[in-house]
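Participant: A predicted structure for the sequence below; I have some questions about it.
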Amino acid sequence: MFENRAWRRRGDTGKRIRLSRIFNPHSGRAFVVPMDHSVTIGPLGKADHADRTAALLAAAGADAIVVHKGRARSINPTHFTEMGLIIHLSAGTDLALDRTGKVLVGSVEECLRLGADAVSVHVNVGSPTEAAQLNDLGAVASACDVLGVPLLAMMYARGPETGSRTELVDTLSHLAAIATDLGADIVKLDYAGSPNAMNEVVESCPLPVLVAGGPAGGSDDTAIAFGTEVAETAVSGLSFGRLIFDADDPQRVAAELSRRLHDRGSASRSLTTTLESA
């Protein structure tokens, strides 16, 4: 799946190897669990929550988790034997005057020293600080290219003028285009509301598309049903956080989502396609 001499010629071997630790080699898809929420909303549990959750997710078949640099140091490294580590570089809190603001709080070099397989950046398009966030995305993309590190761009339409446009196909396609044009390797988006609409978004984007789970609030079965609906589209993976770690039975939800994602066949934008077009 990963035999592609163009990567060797372009000097992109580092990205190729690291992406292979995040995307399942059989399905070409990735089940990623973001756990970076504690900067935004506060502790997600007791002091050992991240370590316990990482162990649970590794056992359940998650392909990677997303944490901040300091939190990564609290997780037993043996959990990453068969699970990728993505370190998040953006931060902002719900206590801020501008809750859509995001700033960089680390570097790609720091993340490599911690053993990261990839880094992620959050951009709120429509935010009053949109320009600075786009600048950060471009700067991190450049550093990632130099160092051979994949970049996951978490793209959202959030701001005073976005209104109800956040799940429209043209809005999500625009967000995906920004991630593509500024140098990301993977893009995370909200769900478009229906399988057909999500497939339209995927068809517009040359990058692997991961779908966000959104806030918790329903039952475990509701989360699994939602993940199954998304898995039946052409997306390249799920990026569900609170739907898992706020679940009544997080391991069951994670295991079911992993199984259903990888058993549904290959994504339309497989990792092989990504490697060949990079």
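Facilitator: Yep, that arrived.
Participant: Nearest residue to Ala141 in space, please, no chain neighbours.
Facilitator: Across the structure, with CB to CB, 6 or more residues apart in numbering as the measure, the residue nearest Ala141 apart from its sequence neighbours is Gly183 (2.9 Å). Yep, even glycine has a C-beta here, placed from its N, CA and C like the rest.
Participant: my guess is that neighbour meets Asp145, correct?
Facilitator: Yes. The pair formed by Gly183 and Asp145 meets the contact definition of CB atoms under 8 Å, at 6.7 Å.
Participant: re the thing from before, what's the residue nearest to Ala141 in contact with, if anything?
Facilitator: Counting by CB atoms under 8 Å, 6 or more residues apart in numbering, Gly183 touches Leu137, Gly138, Ala141, Ser142, Cys144, Asp145, Leu151.
Participant: Now the fourth one: which helix or strand?
Facilitator: Assigned by DSSP states H and E, Ser142 falls within helix 130-147.
Participant: host element of the residue nearest to Ala141?
Facilitator: Short version: Gly183 belongs to no helix or strand, going by DSSP H and E.
Participant: Phi, psi for Asn124 please.
Facilitator: With angles defined as degrees, to the nearest 10, Asn124 sits at phi -100, psi 100.
Participant: Find the least confident helix or strand in this structure, judged by mean pLDDT.
Facilitator: Counting by mean pLDDT, DSSP states H and E, the chain has its least confident helix or strand at helix 5-10, which shows a mean of 42.
Participant: And the next helix or strand past that one?
Facilitator: According to DSSP H and E, the helix or strand after helix 5-10 is helix 13-20.
Participant: still on that earlier bit, farthest pair in the contacts of Gly183?
Facilitator: The most widely separated members of the contacts of Gly183, counting by CB to CB, are Leu137 and Asp145 (12.8 Å).
Participant: So which of the two has more stuff around it?
Facilitator: Higher neighbour count among Leu137 and Asp145: Leu137, with 27 against 19, using other CB atoms under 10 Å.
Participant: For that one, report the pLDDT, please.
Facilitator: Leu137 is assigned a pLDDT of 98 by the prediction.
Participant: Surely it is in contact with Val123?
Facilitator: Yes. Taking contacts as CB under 8 Å, Leu137 lies within contact range of Val123: 5.4 Å.
Participant: intersection of neighbour lists for the two?
Facilitator: Ala153, Ile178, Ala179.
Participant: Just give me the neighbour total for Val235.
Facilitator: Other residues within reach of Val235 by the criterion other CB under 10 Å amount to 28.
Participant: what separates it from Tyr191, distance-wise?
Facilitator: Using CB to CB, to the nearest Å, we find Val235 at a distance of 9 Å from Tyr191.
Participant: any common contacting residues for the two?
Facilitator: Common neighbours of Val235 and Tyr191, counting by CB under 8 Å, 6+ apart, are Met198, Val211.
Participant: mind listing what Asp145 touches?
Facilitator: With contact set as CB under 8 Å, 6+ apart, Asp145 has these partners: Gly183.
Participant: low pLDDT regions in this structure?
Facilitator: Under the criterion pLDDT under 70, the flagged ranges of the chain are 1-11, 163-166, 265-278.
Participant: Would you state the helices of it in chain order?
Facilitator: Taking DSSP state H as the criterion, the chain contains helices spanning 5-10, 13-20, 38-41, 49-60, 69-72, 108-113, 130-147, 169-181, 195-203, 220-231, 242-245, 250-263, 271-277.
Participant: Gly92: which of those helices is closest?
Facilitator: helix 38-41 (6.5 Å).
Participant: in that closest one, what's buried?
Facilitator: With burial defined by 16 or more other CB atoms under 10 Å, the residues of helix 38-41 counted as buried are Ser38, Val39, Thr40.
Participant: how far is that helix from where the chain is centred?
Facilitator: Once both centres are worked out by CA atoms, centre = their mean, to the nearest Å, helix 38-41 turns out to sit 17 Å from its chain's centre.
Participant: Quick one: list the elements packing against it.
Facilitator: Taking 3 or more CB pairs under 8 Å, 6 or more residues apart in numbering; DSSP states H and E as the contact definition, helix 38-41 has no neighbouring helices or strands.
Participant: how about a cut-off of 10 Å?
Facilitator: Helix 38-41 sits against strand 64-68, helix 69-72, strand 90-91, with contacts defined as 3 or more CB pairs under 10 Å, 6 or more residues apart in numbering; DSSP states H and E.
Participant: what packs against the first one?
Facilitator: On a contact count with 3+ CB pairs under 10 Å, 6+ apart, strand 64-68 meets strand 30-34, helix 38-41, helix 49-60, helix 69-72, strand 84-88, strand 118-125, strand 151-157, strand 237-239.
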